[in-house]
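> Provide a 3D model corresponding to the input given below.
(2 chains)
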Amino acid sequence: MSFIPGAEQGKANLDVFCETLLALARTDKNVLAVTSDSRGSGKLAPFVAALPAQIVEVGIAEQNLVGIAAGLASAGKIVYAVSPASFLTARALEQIKNDVCYSDRPVKLVGISGGVSYGALGSTHHSTHDLAALRAIDNITIIVPADNFETAEAIQAAAVMEHPVYLRFGKRPLHHLHSPQTQFAVGKALTVCEGTDVAFIATGETVHPALTAARELEAEGLSVRVISMHTVKPLDADTLIQTAGECRAVVTVEEHSVFGGLGEACAAVLMQAGIHIPFRIVGFPDEHMVTGSQLEIFEHYGISASGLAQTARALLKNGGSL
Amino acid sequence: MTERELKVKSIEYRRKLLQCIKRAKAGHTGGDLSCIDILNVLYNRVLNVSPETFDDPGRDRYVQSKGHSVEALYVVLADRGFFSESDLDTLCCYRSHYAGHPTRSVRGIEQNTGALGHGLAFSVGVALAGRMDGAAYRVYTLLGDGELAEGSNWESMLTAAHYRLDNLTAIVDRNTLQITGCTEDVCALEPLRKKFEAFGWAVREVDGHDVAALTDAFLAAPFETGRPSMVIARTVKGKGVSFMEDVAKWHHGVPNDQQYEQAQQELDQLLREVQA
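Have a look, this model is predicted:
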């Protein structure tokens, strides 16, 4: 039976994170999880039970978390620093900038419950700034996996990366997007489905809504491409430029502010490559976030099958004028 | 190295760092002069690290959290042979590795610092790794006193005590002055010793310009088994140059020609007294 992207639901990426990290840590005692009272949020209970000597708890102290992670990494440890993305990338931004990136310590920063995963808990718990903040810091790779496969691959890839990396994922169970034959490489986007009328270039948990929108548009006779741009930095400019050359319009989708994230990164590449096609950035506007679950927030801001399909239809119809 | 030789070194270091600052027209003069005796004792009497062993995982680590006093560190590292003294001619010059705060692009420097409140957390991480690996190395970090207003330090103090990191020694350069003025007027720190003790550290207070007392304190660590060690080094900002001593404006003051000559003459006189 052939693989149908999005047909089956998998696990929450947090579960995949724990399983993958545990497997890595069993083979190498230098693999550590460092947490800021976040082992519960990070679903790390099985890791703690199996390898208690390989978890370092620092308390609710994210600056401390990142600084200690840098110190551990300097002494040869393979360190996954785990904390909710909102706190990790705002409270500890200076530690990420200086102790990790500037000092070139290969810490694996793991932002859990990223984007608006915490939903109705409110903006204190949302990370809609993290991609923008980290993109502007040199010497860090940013990966936002879209399904269980990408998550497991990214966590394993991070283990051998010699420079800092930020992994960001959510807590909701995700649909499988890639066949078992798929090859994952950091910095190389994955095509979920092919098409030529419009391309959704999405990242993280917005790839599946983009795929559902594609299905809706395909039922209307349109040909739709969906790309998972799991690595936001360095951006896969080759795939982006190729996609823009082969499709009539591009819609970027991200669980992030429209400022400074995937969309603006893509726009910069296309503009500077002299490629001018109908283009839309879908993300969160510059306003206080509406209250609701993650999916309600997605729906509110058009990150849904109907919302994205409507954006694509309008873009194809009006040729990109605002 | 004898106590007298250490004292001579301290004066030579002071002369050299003033020369570097004068040439670069930049530097954190007051704090360099307050911590130079601490660095002298660490690198010449205490630390198990050399240019040859700097890549050895078993080396002792020194992390300068008060990164702005980098001229003092550069001068000591140059003297210890980590790089050529002539490299310091490029301090703060275009494309030089020798920036105004420490970076790992200079051999001998463990971690990039300069933003305050970062060195202790990093040092806790290195000490934890050492504990996990059963390594014999010790970790030393130097904090400014004004820097202690950064809350991240107190997060790391909790963690160091929680993990009973007695392979970690933190040193506070307690010169009582920060850029705005006296620490007690800006954001009072005292009673500092009681605060450290309440956070679970074993504390000793020493004269931060007495090389024998500093040596004794550093070599006595851990002061208590199962506790991280804190040395409060009572120092004088601008120490060794009469008109710089205890004057906040010398935090990053650069001497003019006349001031420079006077400073060097005073240090020459000190040198003669020590040698006599």
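> count of neighbours near the closest residue in space to B:L148 that isn't next to it in sequence?
Computed as Cβ to Cβ, 6 or more residues apart in numbering or on different chains, the closest residue to B:L148 that is not its neighbour in sequence is B:L189, at 5.7 Å. Bear in mind the C-beta positions are built from the backbone N, C-alpha and C, glycine included. Applying other Cβ atoms under 10 Å in any protein chain shown, we find 16 residues neighbouring B:L189.
> Now B:L189. Its backbone dihedrals?
Phi and psi for B:L189, reported as degrees, to the nearest 10, are phi -100, psi -30.
> quick one, what contacts it?
B:145, B:148-149, B:183, B:195 (Cβ atoms under 8 Å, 6 or more residues apart in numbering or on different chains).
> Tell me which of those fall in helices.
Using DSSP state H, the subset of the contacts of B:L189 located in helices is B:183, B:195.
> Make a markdown table from the contacts of B:L189 and add distance to B:N48, neighbour count and pLDDT to it.
Putting those into a markdown table (distance: Cβ to Cβ, whole Å; neighbours: other Cβ atoms under 10 Å in any protein chain shown; pLDDT from 0 to 100) gives the following:
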| residue | distance to B:N48 | neighbour count | pLDDT |
| --- | --- | --- | --- |
| B:D145 | 27 | 24 | 98 |
| B:L148 | 28 | 23 | 98 |
| B:A149 | 32 | 17 | 98 |
| B:T183 | 33 | 22 | 96 |
| B:K195 | 30 | 16 | 98 |
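> Now do the SS call for the residue in chain A that chain B sits nearest to.
Closest to chain B within chain A is A:G71: 2.1 Å, counting by Cβ to the nearest Cβ. Under DSSP: H, G, I helix; E, B strand; the rest coil, the three-state class of A:G71 is helix.
> what about the residue in the stretch 1-150 of chain B positioned nearest to chain A, which helix or strand?
Of all residues in the stretch 1-150 of chain B, B:G125 sits closest to chain A, with a separation of 2.1 Å (Cβ to the nearest Cβ). Element membership for B:G125, per DSSP states H and E: helix B:119-133.
> Show me how far that helix is from its chain's centre.
19 Å (Cα atoms, centre = their mean, to the nearest Å).
> mind listing what B:V211 touches?
Listed by Cβ under 8 Å, 6+ apart, the contact partners of B:V211 are B:3, B:6-7, B:10, B:37, B:40-41, B:45.
> ok, now with 7 Å
Residues counted as contacts of B:V211 (Cβ atoms under 7 Å, 6 or more residues apart in numbering or on different chains) are B:3, B:6-7, B:10, B:37, B:40-41.
> per-residue pLDDT, it?
Turning to B:V211, the model gives it a pLDDT of 98.
> Look up the closest residue to it, ignoring the ones flanking it.
B:L6 (4.3 Å).
> thinking again about what came up before, filter the contacts of B:V211 down to the buried ones, PyMOL style.
PyMOL command restricting the contacts of B:V211 to the buried ones, with burial defined by 16 or more other Cβ atoms under 10 Å in any protein chain shown:
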select buried, chain B and resi 6+7+10+37+40+41
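> Can you list which of the contacts of B:V211 are found in helices?
B:3, B:6-7, B:10, B:37, B:40-41.
> which stretches of chain B form helices?
Under the criterion DSSP H, helices of chain B are mapped to B:3-24, B:29-41, B:70-79, B:119-133, B:151-162, B:183-186, B:192-198, B:211-220, B:257-275.
> OK, contacts around the nearest residue to B:L116 once chain neighbours are set aside?
Once flanking residues are discounted, B:L116 sits nearest to B:E147: 4.3 Å by Cβ to Cβ, 6+ apart. Neighbour list for B:E147: B:65-66, B:116-117, B:153 [criterion: Cβ under 7 Å, 6+ apart].
> out of those, what pair is the most spread apart?
Largest separation among the contacts of B:E147 by Cβ to Cβ: B:K66 and B:N153, giving 11.3 Å.
> Helices of chain A, start to end?
Applying DSSP H to chain A gives helices spanning A:13-27, A:45-50, A:62-74, A:85-90, A:93-95, A:130-135, A:148-159, A:207-218, A:237-246, A:262-272, A:294-300, A:305-318.
> quick one, which of those is nearest to B:A24?
Comparing the helices of chain A by Cβ to Cβ, helix A:93-95 comes nearest, at 25.9 Å.
> Those residues of the stretch 101-250 of chain B touching chain A, which are they?
Contact residues (Cβ under 7 Å from any Cβ of the partner chain) of the stretch 101-250 of chain B with chain A: B:104, B:111-112, B:115, B:118, B:121-126, B:128-130, B:152, B:155-156, B:158-159.
> Repeat the analysis, applying 8 Å as the threshold.
Taking Cβ under 8 Å from any Cβ of the partner chain as the contact definition, the stretch 101-250 of chain B meets chain A at B:103-104, B:110-115, B:117-118, B:120-130, B:132-133, B:151-152, B:155-156, B:158-159, B:162.
> In ChimeraX, how would I select the buried members of those?
Remark: buried members of these, expressed as a ChimeraX selection using 16+ other Cβ under 10 Å:
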select /B:103,104,110,111,112,113,114,115,117,118,120,121,122,123,124,125,126,127,128,129,130,132,133,152,155,156,158,159
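> how about the strands in the stretch 101-250 of chain A?
For the stretch 101-250 of chain A, applying DSSP state E, counting those that start in this stretch gives strands covering A:108-112, A:141-143, A:165-168, A:173-175, A:190-193, A:198-202, A:224-228, A:231-233, A:249-257.
> right, so those strands: which one is the most enclosed?
Compared across the strands of the stretch 101-250 of chain A, strand A:198-202 shows the largest average neighbour count, a mean of 30 (mean count of other Cβ atoms under 10 Å in any protein chain shown).
> angle of it against helix A:262-272?
130 degrees (axes from the mean of the first three to the mean of the last three Cα atoms, to 10 degrees).
> Send over strand A:198-202 as CSV, restricted to the C-alpha atoms.
C-alpha atoms of strand A:198-202 as CSV (Å, rounded to 0.1, in the frame of the first residue of the first chain):
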residue,chain,number,x,y,z
VAL,A,198,0.6,27.2,-5.8
ALA,A,199,3.2,26.1,-3.2
PHE,A,200,2.7,26.1,0.5
ILE,A,201,6.1,26.4,2.2
ALA,A,202,5.5,25.7,5.8
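> distance between the ends of stretch A:37-46?
Criterion Cα to Cα, to the nearest Å; first-to-last residue distance in stretch A:37-46 is 15 Å.
> what's the neighbour count on A:H300?
Using other Cβ under 10 Å: A:H300 sits among 15 other residues.
> ok, now the one 3 residues further on?
The criterion is other Cβ under 10 Å. On that basis, A:I303 has 27 neighbouring residues.
> any idea how far B:R227 is from it?
52 Å (Cβ to Cβ, to the nearest Å).
> Using the record's domain definitions, break chain A down for me.
Per the record, chain A has its domains at A:9-175, A:190-316, by automatic domain parsing.
> start to end distance for the longest one?
Pointing back at domain A:9-175 there. 4 Å.
> Average pLDDT for that domain, rounded please.
For domain A:9-175, mean pLDDT rounds to 96.
> try the shortest one
In this model, domain A:190-316 carries a mean pLDDT of 98.
> Kindly indicate which of the contacts of B:L189 lies nearest A:I281.
Nearest to A:I281 among these is B:A149, at 41.1 Å by Cβ to Cβ.
> In this structure that closest one contacts B:A188, no?
No. If you go by Cβ atoms under 8 Å, B:A149 and B:A188 don't touch, sitting 9.8 Å apart.
> Show me how far stretch A:72-92 is from its chain's centre.
Centroid separation for stretch A:72-92 versus its chain: 17 Å, with Cα atoms, centre = their mean.
> Extract the CA atoms of that stretch and return them as CSV.
The C-alpha coordinates for stretch A:72-92 follow below in CSV (Å, rounded to 0.1, in the frame of the first residue of the first chain):
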residue,chain,number,x,y,z
LEU,A,72,28.9,20.9,30.3
ALA,A,73,29.3,21.0,26.5
SER,A,74,32.7,22.6,26.9
ALA,A,75,33.8,19.6,28.9
GLY,A,76,32.7,17.1,26.2
LYS,A,77,29.1,16.4,27.1
ILE,A,78,26.4,16.1,24.5
VAL,A,79,23.9,18.4,26.0
TYR,A,80,20.2,18.7,25.2
ALA,A,81,18.9,21.8,27.2
VAL,A,82,15.2,21.3,27.5
SER,A,83,12.7,24.1,28.4
PRO,A,84,9.5,25.5,27.1
ALA,A,85,10.4,27.5,24.0
SER,A,86,8.9,30.7,25.4
PHE,A,87,11.1,30.8,28.4
LEU,A,88,14.2,29.3,26.8
THR,A,89,14.4,31.8,24.0
ALA,A,90,13.3,34.9,25.8
ARG,A,91,14.5,34.6,29.4
ALA,A,92,17.8,33.0,28.4
